[in-house]
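Visitor: need coordinates for the below:
(one chain, ligands or ions: 2)
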Amino acid sequence: MALKNNNNTKWRSIFLPSCFKIKSTHNLDSKSSHRIISKQISSTSRISLSDISDPGSSDFSNSWFASNLHIFTLKELKVITNDFSSSNLLGEGGFGPVHKGFVDDKCRPGLKAQPVAVKMLDLDGDQGHREWLTEVVFLGQLRHPHLVKLIGYCCEDEHRVLVYEYMARGNLENHLFRRYTSPLPWLTRIKIALGAAKGLAFLHGEEKPVIYRDFKTSNILLDSDFTSKVSDFGLAKDGPEGDDTHVSTRIMGTHGYAAPEYVMTGHLTTMNDVYSFGVVLLELLTGKRAFDKSRPAREQLLVEWAKPYLKDYHKLDRLMDPRLEGQYSIEGAKKVVALARQCLSHYPKSRPNMSHVVKILEPVMEFTDIPLGSFVYTTPTMGKIETKSCGEEENENQENGNSQRRKGYRHKHKIRPRAVYSDTALYKTIRNGIKSPRW
Ligand SMILES: Nc1ncnc2c1ncn2[C@@H]1O[C@H](COP(=O)(O)OP(=O)(O)O)[C@@H](O)[C@H]1O
Ligand SMILES: [Mg+2]
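Guide: Ligands and ions are numbered 1, 2, ... in the order given. Okay, the predicted model is just below:
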């Protein structure tokens with residue numbers, strides 16, 4: 001790897017586990033598989049997959065990687081996940097099953113006690129060492145509040161495992177589309193879109209841009225307070241360098257999300273991610289899946305179905321998710337619709353870049369023209385039924401046990417009995433910085 005020797009250059013210690021070899025030759029102690037070496041590297045430079053020689057090798061001598069990852073043994077992971085118990089299963093994609101586990105400093109000195117998600121390669125599946133290595137190389141080096149944190153990995157015989165921070169509310173796909181889940185309120189949807197946009201903007205804004213390539217609802221994970229993080233870097237790619245305008249690749253991704261020019265040519269640019277982001281925005285607006293075989297043939301692709309509605313604000317109510325029950329900011333929704341239309345432009349150059357997307361979404365969090373059908377719940381008190389507006393129970397005199405309502409207490413009719421989270425509650429969370437419990 002060519003290393004620049006400019007003012008940014010500094011000496012950095014790099015922890016070397018097994019499983020990796022870097023092309024440039026360093027004076028390594030071949031007896032040790034876990035070594036600290038010093039490598040001259042720019043403080044901003046990131047190692048690319050292409051810097052690793054023979055990435056498919058299982059010869060683990062002379063291998064190396066980033067300092068902030070823990071290396072687990074398979075035996076340890078069995079303990080962590082209670083032997084990969086089915087009761088701990090969090091989800092499963094093309095790579096393999098993901099189980100919940102728990103780590104602490106008994107497992108590794110200095111390791112924070114925390115729940116984790118353990119993703120294990122399915123040895124009979126389509127993915128393998130390459131996707132695993134891609135995740136380790138990118139997520140091992142990239143750190144951002146809107147990217148899921150990789151804590152460590154395991155590479156033993158043919159087994160490949162990734163250990164991430166645990167995201168308490170799982171993926172966005174389940175929240176948006178699974179039956180019997182409470183509908184996500186408008187501001188929660190915007191918060192999720194904004195977080196994911198910041199994650200992508202960070203990737204695209206790197207000195208060596210990263211193209212994520214698989215942006216979709218099942219790869220957006222949600223923390224307990226609905227902070228969204230981009231996860232699953234198995235298909236990520238380094239962006240074009242120098243005068244190159246694109247990277248040529250095999251066409252990979254998910255039907256319904258991939259940009260048309262990428263599907264046609266295999267030419268990959270950051271604008272392909274912007275298109276996929278536009279599809280996810282549409283899913284958040286409409287509550288409809290990017291691709292759905294159960295819809296009539298011409299409407300199976302959400303982008304095709306939505307086209308007439310995106311052009312005409314008079315049809316806004318037909319575009320918007322009926323589960324929102326009209327409780328969204330009309331002005332905010334118009335802005336998001338216009339943004340989605342831009343992101344989905346047929347011409348990549350007409351799409352906004354992700355930092356622009358962030359700038360457009362940020363103020364949408366502040367639009368207050370949301371018809372607040374207050375979140376009402378019912379509490380049985382002393383044999384009688386009482387209805388309360390969200391938050392107003394704080395007004396009650398708790399010291400003397402007086403259950404009388406204070407002056408100004410509004411008695412509301414039940415409007416949205418199904419809702420569990422409300423935008424009112426979300427506003428409170430944002431403004432007071434209160435976090436709901438992780439568990
Ligand atoms: N860190 C995590 N916390 C909670 N759930 C997770 C986490 N990582 C993955 N999952 C669950 O597992 C599913 C599959 O994970 P993903 O990384 O997308 O795997 P794949 O590469 O197979 O698509 C996710 O959609 C999510 O439901
Ligand atoms: Mg995935």
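
Visitor: could you give the mean pLDDT of stretch 275-292?
Guide: Averaging pLDDT along stretch 275-292 gives 98.

Visitor: and that stretch, anywhere near ligand 2?
Guide: No: for stretch 275-292, no contact with ligand 2 is found by Cβ under 5 Å from the ion; the gap never falls below 12.8 Å. Bear in mind the C-beta positions are built from the backbone N, C-alpha and C, glycine included.

Visitor: same question, stretch 106-124
Guide: No: if you take Cβ under 5 Å from the ion as the test, stretch 106-124 misses ligand 2, and the best it gets is 9.2 Å.

Visitor: how about that stretch, which residues are buried there?
Guide: For stretch 106-124, the buried set under the neighbour-count rule, 16 or more other Cβ atoms under 10 Å, comprises 107, 116-122.

Visitor: near ligand 1 too, which of those residues?
Guide: Intersecting these with the surroundings of ligand 1, defined as Cβ under 6 Å from any ligand atom, gives 117, 119.

Visitor: with adjacent residues omitted, what lies nearest to the residue nearest the centre of the chain?
Guide: Computing the C-alpha centroid of the chain and ranking residues by Cα atoms, centre = their mean puts V230 first, at 2.4 Å. Leaving aside its sequence neighbours, V230 sits nearest to G199 (Cβ to Cβ, 6 or more residues apart in numbering; 3.9 Å).

Visitor: what do you get for V161?
Guide: C154 (4.0 Å).

Visitor: so what does the helix or strand where the one you found lies touch, helix or strand wise?
Guide: Element membership for C154 (DSSP states H and E) is strand 150-156. With contacts taken as 3 or more Cβ pairs under 8 Å, 6 or more residues apart in numbering; DSSP states H and E, strand 150-156 sits against strand 70-71, helix 74-80, helix 129-139, strand 159-165.

Visitor: neighbouring contacts of the third one?
Guide: Identification of contacts with helix 129-139 by Cβ atoms under 8 Å, 6 or more residues apart in numbering yields 19-20, 47-49, 52, 55-56, 65, 69, 95, 121, 147-150, 153, 155, 160, 162, 210, 232-236.

Visitor: the second one now?
Guide: By Cβ under 8 Å, 6+ apart, the surrounding residues in contact with helix 74-80 are 72, 84, 101-103, 107, 116, 118, 120, 154, 156, 159, 161, 163.

Visitor: which strands border the strand holding C154, and is each parallel or antiparallel?
Guide: Using DSSP bridges, the strands paired with strand 150-156 in its sheet are strand 70-71 (parallel), strand 159-165 (antiparallel).

Visitor: can you list the buried residues in it?
Guide: 150-155.

Visitor: among the residues you listed, which two are most distant?
Guide: Between any two of the buried residues of strand 150-156, the greatest separation by Cβ to Cβ is 14.6 Å, found for I151 and C155.

Visitor: so who does the residue nearest to V161 touch?
Guide: Each residue near C154 by Cβ under 8 Å, 6+ apart is listed here: 71-74, 76-77, 160-161, 163.

Visitor: what about 7 Å?
Guide: C154 makes contacts with 72-74, 77, 161, as judged by Cβ atoms under 7 Å, 6 or more residues apart in numbering.

Visitor: next: P308.
Guide: Here P308 is in contact with K315 (criterion: Cβ under 7 Å, 6+ apart).

Visitor: before we move on, which element is it in?
Guide: Counting by DSSP H and E, P308 is part of helix 302-311.

Visitor: ok, now F102?
Guide: Counting by DSSP H and E, F102 is part of strand 97-103.

Visitor: and the helix or strand following that strand, what does it pack onto?
Guide: Proceeding N to C from strand 97-103, the next assigned helix or strand is strand 114-120, under DSSP H and E. For strand 114-120, the contact count by 3 or more Cβ pairs under 7 Å, 6 or more residues apart in numbering; DSSP states H and E identifies helix 74-80, strand 97-103, strand 159-165 as packing neighbours.
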